[in-house]
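Enquirer: coords below, sequence missing:
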């Protein structure tokens, strides 16, 4: 008996012999073959479900990341629109303030110290606006007219400024974070007199 035991152990160590033994045992035990087939089928189904679950998880993570980015962008856009609207309402007051300083300089030179103090306040306000992303649009005479940034309020004959260029700035404009709040109102040259 020991010899037959040893011979079966040594037989199963050899690959060819192991395949023979497996086919003999499967032929003698058909229930085992059916069980192995069922387990293999269940394993394949489980792997498919795992892959599908992994794909759904990755898709959900990507969708959530896109949603998070969209919410951040929409919140920033809403904030920018609100500030731009506020600036649009505030710009006429700044225009009046600047015209008041200009008028005081012309008509009340005796109040130079007070006017200079008010001009310093204006300069500080402009500095704060600039630090927070507000850019003034104030083209110099002779600059090219840009319909994206300038609004033509009139045309004027000019011997010194080429046709289509700015001759005078009537009212400065404003940009906030690359968003046009108000275009600069300008007079455009129609060229030399004909």
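Expert: Great, that's in hand. Since this is a predicted model, take the numbers as computed values, not measurements.
Enquirer: Which parts of this protein are strands?
Expert: In order along the chain, the chain carries the following strands (DSSP state E): 134-137, 150-156, 166-171, 173-176, 179-182, 184-189.
Enquirer: Mind checking those for the one nearest to residue 89?
Expert: When those are compared for distance to residue 89 using CB to CB, the nearest one is strand 179-182, at 9.9 Å. In this view, the C-beta of every residue, glycine as well, is placed from N, C-alpha and C.
Enquirer: how close does the spatially most central residue of the chain sit to residue 80?
Expert: Nearest to the mean C-alpha position of the chain, by CA atoms, centre = their mean, lies residue 73 at 5.8 Å. In this structure, residue 73 and residue 80 are 10 Å apart, going by CB to CB, to the nearest Å.
Enquirer: do the same with residue 102
Expert: 31 Å.
Enquirer: and if you look at residue 110?
Expert: Distance, residue 110 to residue 80, by CB to CB: 44 Å.
Enquirer: So those two - more neighbours on which side?
Expert: Set residue 110 next to residue 80 and count neighbours by other CB atoms under 10 Å: residue 80 wins out with 15 against 8.
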